[in-house]
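Visitor: Quick one: sequence and predicted model below, then my questions.
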Amino acid sequence: MVEGTGLLGDTLSGAAVERFETFADAAGVDRDAGDLFGVARERFATVHDRRAPDLAGWALDDDGVAAALSRTVRYLDHFAFPDDPDWAVAVYDRLLSVADLPGIDTDPAAPDPLVPALLDAAGYRSGEPIDGRSDTDGDAADGDPVDLLDPAVGDGRYLLAAADRLRDRLGDAGPAERLAAVRGRLTGASPDPLACRVTETRLLVRLLGDYRAARRADAEYALGPLPVFCTDPLIREAPADTGRDAAAALAREDYGFVVGAPPATLRRDVAEGPVAEAYAAYDAAYYTYDTSALYVERAGEWLAENGTLALRVAGRFRDTRFGEKLRERLPQWYRLEELREVDGVAAGGTPVVLVARRFRKNEPFADPEEYAPPTYGFDYAEGSTRRRCGARRRG
């Protein structure tokens, strides 16, 4: 009934509800904002491919929730913010912040200061090309050192900040080109469907401004699937039900950056079964390990030679028996650039920021008693609440 009326396009720019109801009245049917929402949702389903379960589908089966949704759509439709796409970002993040979802903390009034600090430490900055390369040259599999992986997206804060910086560097490019760069240069993953759904939706909302502009330039433009994969990145052999794109993304060994804050789940809390068996295959899975140590090891496989690791991990590996294997291997996997304590708790202890460069990627592990690591000079500085040290390689 709505084909050819232009109503679907108006759902992004306002004034659609009244036109839809006028059209429905003329056709002799009873339709409201909720019906328009359903039509638009079905028609715009090609915008992105949902990789996680639909977490809100149950709401549309509840008459009260559906009625509230209908009113909300009506209210929002009377306002258009073509020059302020950040409005939708703030609204959605504020909604999530009061939803009390496990592991989700998106209050716009209290952004996490560690996110920009970690990206800065990794060298993933705004306003300038990385390593002198273009962010838009080639595709996601060409091995350029600008591609970034967040293997534990959580509420998406690190991946979203990286997307903002990537788009900032492409400010002179067209909207379709910026969208293609986000899809081709960034990858996120998590075994948690909620984390994937929240991250994917938050990223989509941030891209609506570019998407709207791309659609205006080309009515046939479709964004395509966003690079957020619901799978356990620590399982090296992808299960049979893992999507082809997810398996390919996590089998890559040419990322320029691996960033984020992976979970520090203690060994005793990992359920027995195939997952625990897969984790046990890691060299760092020693004694009472926590999973953040496994992410450090796995990142060595994802990163290209000289690629950058920047993770917030549990600091207990520094002086506990479980960290013995990781301490032996770190100097052979990475050139340490920064190791500092930060506020918070991870695996019952103090978390640390670990920033390092991958090296010796194709060399075998040497006997720790015989291996001579590079020498470093250390700069010590007093942070606001924690000790910090930075490493400079001398030879």
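Guide: Perfect, I can see it now. Computed from a predicted structure; not experimentally measured.
Visitor: Any regions of the stretch 251-395 of the chain where pLDDT drops low?
Guide: Counting by pLDDT under 70, the ranges of the stretch 251-395 of the chain that qualify are 374-395.
Visitor: So which residues of it form strands?
Guide: 255-260, 303-314, 334-341, 351-358, 376-382, 387-393 (DSSP state E, counting those that start in this stretch).
Visitor: among those strands, which is nearest Ala247?
Guide: strand 255-260 (15.3 Å; C-beta to C-beta). Where you see a C-beta, it was placed from the backbone N, CA and C, and this is true even at glycine.
Visitor: What are the buried residues along the closest one?
Guide: Residues Tyr255, Gly256, Phe257, Val258, Val259, Gly260 are the ones in strand 255-260 that count as buried (16 or more other C-beta atoms under 10 Å).
Visitor: Pick out whichever of the residues you listed sits closest to Asn362.
Guide: Tyr255 (15.9 Å).
Visitor: And the buried residues of strand 255-260, which two are furthest apart?
Guide: Once C-beta to C-beta is applied, the buried residues of strand 255-260 give Gly256 and Gly260 as the farthest pair, at 14.3 Å.
Visitor: Residues in contact with stretch 276-286: which ones?
Guide: 232, 234-237, 267, 270, 291, 293-294, 296-298, 317, 321-326, 329, 365 (C-beta atoms under 8 Å, 6 or more residues apart in numbering).
Visitor: returning to what we had before: and among the strands of the stretch 251-395 of the chain, the most buried is which?
Guide: Sort the strands of the stretch 251-395 of the chain by mean neighbour count, taking mean count of other C-beta atoms under 10 Å, and strand 255-260 sits at the top with a mean of 26.
Visitor: Keeping just the C-alphas, turn it into CSV.
Guide: The C-alpha trace of strand 255-260 is given here as CSV (Å, rounded to 0.1, in the frame of the first residue of the first chain):
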residue,chain,number,x,y,z
TYR,A,255,45.8,-6.5,11.9
GLY,A,256,47.6,-3.3,12.6
PHE,A,257,46.0,-2.9,16.0
VAL,A,258,44.4,-5.1,18.6
VAL,A,259,42.7,-3.0,21.3
GLY,A,260,40.1,-3.2,24.0
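Visitor: and that strand with strand 351-358, angle?
Guide: On the basis of axes from the mean of the first three to the mean of the last three C-alpha atoms, to 10 degrees, strand 255-260 is oriented at 170 degrees to strand 351-358.
Visitor: Check which helices and strands strand 255-260 sits against.
Guide: If contacts are counted by 3 or more C-beta pairs under 8 Å, 6 or more residues apart in numbering; DSSP states H and E, strand 255-260 sits against helix 114-122, strand 148-150, helix 157-169, helix 291-302, strand 303-314.
Visitor: what's the most buried one of these?
Guide: Of all these, strand 148-150 has the most neighbours on average by mean count of other C-beta under 10 Å, namely a mean of 28.
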